[in-house]
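> how would this look folded up:
(one chain, ligands or ions: 1)
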Amino acid sequence: MVQLRKVHGSENHFFLLDQTTLSEKLNDAELTALAQQVTDPATGILNGADGVLVVDESTHDNVLGQMRVINADGSEASMCGNGLRTVSRYLAEKHHTNQFKVETLQADLQVSRQSDLAANVPAFSVEISPVRFNPSAFPFENLGDQPLIDSPVPAFLPGLNFTAIAVPNPHLISFVDEEEINNDDLGKLGTMLNKPNEYFTDGVNVSFAQILGPNQLFVRTFERGVGFTNACGTGMSATSLAFAMVHPNLGHFDDPITVYNPGGMVKTKVHKDADRYYIDLIGNATQTHVIDVDEADLHHANVTVKTTDVTETDEEAAYLNFVDGLPTVSAVEVKK
Ligand SMILES: N[C@H](CCC[C@H](N)C(=O)O)C(=O)O
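Residues are numbered from 1 along each chain as shown. Model prediction:
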């Protein structure tokens with residue numbers, strides 16, 4: 001028997017698999033099949049999830065481990081902010097250390113344990129980078145050959161301005177009012193841009209953000225490879241950077257920005273050095289279940305109620321208690 005873990009950051013749920021605990025690692029095709037099976041509420045377990053986080057060794061110096069991200073549809077993403085917090089907690093507890101680097105597809109990122117957000121609500125800070133604006137980083141086409149910063153794109157939605165930021169997974173952001181963030185425009189645009197289209201040929205995560213005040217946002221995201229999630233860590237990070245760039249009187253570099261989302265709240269800090277932007281994403285790293293499963297069932301993408309033995313932790317109640325203490329800023333329901 002080996003273990004899967006069910007984890008979340010702001011109720012963005014994942015199954016976490018540590019390849020180093022297996023007698024034989026899953027190959028890429030098996031990882032794709034496992035993600036599609038176990039995250040589907042119909043075929044998987046525990047109401048499914050938004051993706052699978054794959055932990056493995058890293059060969060890089062001063063790096064504690066490697067994270068790969070497989071979306072629910074089986075596509076691989078270059079980065080996952082909520083996921084990286086939960087992987088960081090897993091590695092911190094496995095290796096008894098609280099500050100280290102994690103290898104991701106395009107960068108080794110600095111992570112560190114933070115004070116618990118509330119009793120039994122562990123928290124981590126993770127670096128979100130590299131940050132890019134050039135069209136080829138997404139890629140996007142037929143939107144001009146310059147970065148898309150606070151520009152109208154009538155073909156997407158008349159009257160809205162859009163900003164595109166890759167961190168390094170691709171994000172499209174618009175600052176909107178409360179009516180716009182709650183209607184079905186985000187779902188329609190997210191669906192259109194994640195089917196074959198002439199703009200984002202590899203898809204894109206689409207976020208609408210409502211400015212609540214100085215350094216305060218509410219962000220709702222339709223994710224590439226998943227659909228609506230309760231929160232998107234890289235989406236909230238990219239949106240915070242767009243906030244500081246487009247509304248500098250309200251979004252301040254280097255100051256903590258509070259980002260509410262349907263699943264709770266995180267803090268971000270956006271930084272601009274001489275030659276780069278980078279973002280700190282600070283939020284919960286909650287482990288809700290430990291799942292005993294035969295390794296063969298992982299290889300065969302056959303992780304079901306009949307093939308697993310699930311132990312629930314006491315952390316979800318603690319997290320919900322933390323959320324209950326937050327101001328109510330959105331009518332959007334939490335996706336279980
Ligand atoms: N769906 C994203 C990956 C997951 C990112 C999100 N869950 C986060 O917390 O950053 C993509 O395909 O780029």
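> What about residue 327? Give its phi and psi, please.
The phi/psi pair for residue 327 (degrees, to the nearest 10) reads phi -60, psi 150.
> I figured residue 321 was touching residue 118, is that so?
Yes. The criterion here is Cβ atoms under 8 Å, and residue 321 meets it with residue 118 at 6.6 Å. (Each C-beta comes from the backbone N, C-alpha and C, glycine too.)
> More neighbours: the two, which one.
Shown here are residue 321 and residue 118; by other Cβ atoms under 10 Å, residue 118 has more neighbours (16 against 13).
> Just the pLDDT at the more buried one, thanks.
Reading off the confidence values, residue 118 has pLDDT 97.
> Would you mind measuring from the closest residue to residue 57 other than its chain neighbours to the ligand?
Spatial nearest neighbour of residue 57, chain neighbours left out: residue 20 (5.9 Å); criterion: Cβ to Cβ, 6 or more residues apart in numbering. Taking Cβ to the nearest ligand atom, to the nearest Å as the measure, residue 20 falls 22 Å from the ligand.
> Specify the local secondary structure of residue 157.
Following DSSP: H, G, I helix; E, B strand; the rest coil, we place residue 157 in the coil state.
> Now do the same contact list for it.
Contact analysis of residue 157 by Cβ atoms under 8 Å, 6 or more residues apart in numbering lists 174, 185, 189.
> how does it look with 6 Å?
Shown in contact with residue 157 (Cβ atoms under 6 Å, 6 or more residues apart in numbering): residue 185.
> Distance of it relative to residue 141?
Distance of residue 157 to residue 141, given as Cβ to Cβ, to the nearest Å: 19 Å.
> Repeat that for residue 63.
Remark: distance between residue 63 and residue 141 (Cβ to Cβ) = 35 Å.
> Number of residues surrounding the residue nearest to residue 57?
By the measure other Cβ under 10 Å, the count of residues near residue 20 is 11.
> buried sites along stretch 200-215?
Across stretch 200-215, burial judged by 16 or more other Cβ atoms under 10 Å covers 200, 203-212, 215.
> before we move on, what about stretch 125-135?
Quick answer for stretch 125-135 (16+ other Cβ under 10 Å): 125-133, 135.
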